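J.: okay, sequence plus prediction incoming.
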2 protein chains.
Amino acid sequence: MGVVQKSVVPTAELGREAGVSADDHQAIRLWLRLLSCSTQIEQTIRTLLRAHFGTSLPRFDYLAQLNRFPEGLRMTSLSSHLMVTGANVTALTDQLVAEGWVERVDDPSDRRALIVRMTPSGQAWFDRMAVEHESWLVALLGGLDAREMEQLHRLLGKLRQGMGPTPQ
Amino acid sequence: MGVVQKSVVPTAELGREAGVSADDHQAIRLWLRLLSCSTQIEQTIRTLLRAHFGTSLPRFDYLAQLNRFPEGLRMTSLSSHLMVTGANVTALTDQLVAEGWVERVDDPSDRRALIVRMTPSGQAWFDRMAVEHESWLVALLGGLDAREMEQLHRLLGKLRQGMGPTPQ
C-alpha cells in the first residue's frame, strides 16, 4: 500500500507545537485505551444481547433502569436516567409496551401523570437477561484478578471525581 | 415521588439467583464505572469540539486517522479504522472535501483506486484542534497523578489483553 503507519498519538505533529510536554501525551494514550476497552465491551454486550435475547442495548438499559425503580418511573425521569431524548424514550416505550414487557399506569402521586413500570413477564425476562449479562461481564473482565479489579475501580473513581466541571 | 431508589447493581434481583456470587457483582460495578468515565469524557470532548471548532467528534476522528497516514488512505481502510460503515465514511468525506479539509486523489499503487488525504489547510486546522484536544484531556484526567495514570494504563492494558474472543 506504500502507507507508513505512524503511532496512534500524533507525536510528530504535536512535537512541533510549543507548550506541549512529553507528559501530556500520557493523557491521550490513556484516553484512547480507556475508550477502546469501553467500546470493545459495549460492542460485545450488544452482539450477545442480540444473539441470545434478540434485543438491543438501549432496550436492556431501559429495563435495567425500571428494575431499579420497581414502583415505576415517569418518562421524563427515565429519559434523564438513560441520557436519551424524550422522543427516543417514547419510541422504546411503545415497542416494549406492545411486546408486553412494560406498562403505562397512572402515577399514584399525581393523577394527571403516567408512569412506566415492568410487567411481571418483563421482570422475569429482565432477570434472565441480567444473569447472562453479568456472566458476560465476568468473562470479559476475567483478565484481572479481584485485587486488580478493585485497584481499577478505585483509580476510575478518582479519575471521575477529578473531572469536575467541563473545561471552557 | 414515592419511588425508592435501589443501588445501581440490581443486588436484590440477582441475589435471588443461584450461582451468582458476591464477587461477580464487582464486574458490573467496574463496568458501570468504566462506561461512565468513558461516556463523560467523550461527551465533554464532543461539546468542546462543537463550541471551539464548530465540528463533530466523527469529523475530528476522521482527520485524526488521516493524520496518522499522511500519504492518504483508501475509503475501505478508513472505514475499518473508524469502525463506521462505508456509507457514513462517504458522507463525511463529501462534507470534508466540500469544505476543503480533505481531497480525493489517485492511489499511486493502483490507478483504479482513489485515496483520501488531508489538504495543507486541513492539516493546519487539525493541528490546531489536536493541541486543544490534548489540553482538554490533560485537564479531564487531571485528577490522577503521573504514577496513577501509568497504573491505570497498565491495568486497562491487562483488561484488554484478557478479553480474548467474544464469549458465546
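T.: Sure thing, it's come through.

J.: which helix or which strand is home to A:R112?
T.: A:R112 belongs to strand A:110-118 when elements are defined using DSSP states H and E.

J.: does that strand come close to chain B?
T.: No. Using CB under 8 Å from any CB of the partner chain, strand A:110-118 never reaches chain B; the gap is at least 8.6 Å. C-beta here means a position set from N, CA and C on the backbone, and glycine is covered the same way.

J.: if you count contacts, what does the helix or strand hosting A:L137 end up packed against?
T.: Element membership of A:L137, judged by DSSP H and E, is helix A:120-140. Judged by 3 or more CB pairs under 8 Å, 6 or more residues apart in numbering or on different chains; DSSP states H and E, the packing partners of helix A:120-140 are helix A:22-53, helix A:57-68, helix B:11-15, helix B:22-53.

J.: ok, back up a step: chain center to the strand holding A:R112, what's the gap?
T.: Here strand A:110-118 is found 25 Å from its chain centre; the criterion is CA atoms, centre = their mean, to the nearest Å.

J.: ditto for stretch A:103-110
T.: Counting by CA atoms, centre = their mean, stretch A:103-110 is centred 27 Å from the centre of its parent chain.

J.: ok, and what's touching it?
T.: Residues outside stretch A:103-110 that contact it (CB atoms under 8 Å, 6 or more residues apart in numbering or on different chains): A:72, A:74, A:93, A:97, A:113-119, B:1-2.

J.: tell me the one of those nearest B:R59?
T.: The nearest member of the contacts of stretch A:103-110 to B:R59, counting by CB to CB, is A:T93 at 32.7 Å.

J.: re the thing from before, just the buried residues of the contacts of stretch A:103-110.
T.: A:G72, A:R74, A:T93, A:I115, A:V116, A:R117, A:M118 (16 or more other CB atoms under 10 Å in any protein chain shown).

J.: got any ranges where chain A has weak pLDDT?
T.: A:1-24, A:165-168 (pLDDT under 70).

J.: do you know how far A:E42 is from chain B?
T.: Going from A:E42 to chain B by CB to the nearest CB, to the nearest Å gives 7 Å.

J.: could you count how many residues lie near that residue?
T.: By other CB atoms under 10 Å in any protein chain shown, 16 other residues sit near A:E42.

J.: could you do A:R111 as well?
T.: Neighbours of A:R111 (other CB under 10 Å): 8.

J.: the strand or helix carrying A:G157 near chain B at all?
T.: Element membership for A:G157, per DSSP H and E: helix A:146-163. Yes. Applying CB under 8 Å from any CB, one finds helix A:146-163 in contact with chain B at A:146, A:148-153, A:155-163.

J.: which neighbouring elements make contact with that helix?
T.: Packed against helix A:146-163, as judged by 3+ CB pairs under 8 Å, 6+ apart, are the following elements: helix B:22-53, helix B:146-163.

J.: and the buried ones among the contacts of stretch A:103-110, which is closest to B:S135?
T.: So of these, ranked by how close each gets to B:S135 (CB to CB), first place is A:R74, at 40.1 Å.

J.: now the closest one, nearest residue through space, not along the chain?
T.: Residue nearest to A:R74 in three dimensions, not counting chain neighbours: A:I115, with 5.4 Å by CB to CB, 6 or more residues apart in numbering or on different chains.

J.: so A:P70 sits in a strand?
T.: No. Assessed with DSSP: H, G, I helix; E, B strand; the rest coil, A:P70 is coil; it does not lie in a strand.

J.: residues in contact with the nearest residue to it once chain neighbours are set aside?
T.: Counting by CB to CB, 6+ apart, the nearest residue to A:P70 once its immediate chain neighbours are dropped is A:R117, at 7.2 Å. A:R117 is in contact with A:L66, A:F69, A:P70, A:E71, A:G72, A:L73, A:V102, A:E103, A:V105, counting by CB under 8 Å, 6+ apart.

J.: from chain B, how far off is A:R117?
T.: Between A:R117 and chain B the computed distance is 10 Å (CB to the nearest CB).

J.: again, but for A:L114
T.: 13 Å.

J.: what residues are bridge-paired with that residue?
T.: In this structure, A:L114 bridges to A:D106 when assessed by DSSP bridges.

J.: that one touches A:M75, doesn't it?
T.: Yes. With contact defined as CB atoms under 8 Å, A:L114 counts as touching A:M75 (7.4 Å).

J.: shared neighbours, these two?
T.: The contact sets of A:L114 and A:M75 do not overlap (CB under 8 Å, 6+ apart).

J.: list the buried residues in the helix holding A:G157.
T.: Under the neighbour-count criterion of 16+ other CB under 10 Å, helix A:146-163 has A:E148, A:M149, A:Q151, A:L152, A:H153, A:L155, A:L156, A:L159, A:M163 buried.

J.: quick one: residues contacting the last one.
T.: When contacts are counted by CB under 8 Å, 6+ apart, A:M163 is found next to B:Q40, B:I41, B:T44, B:L140, B:G143.
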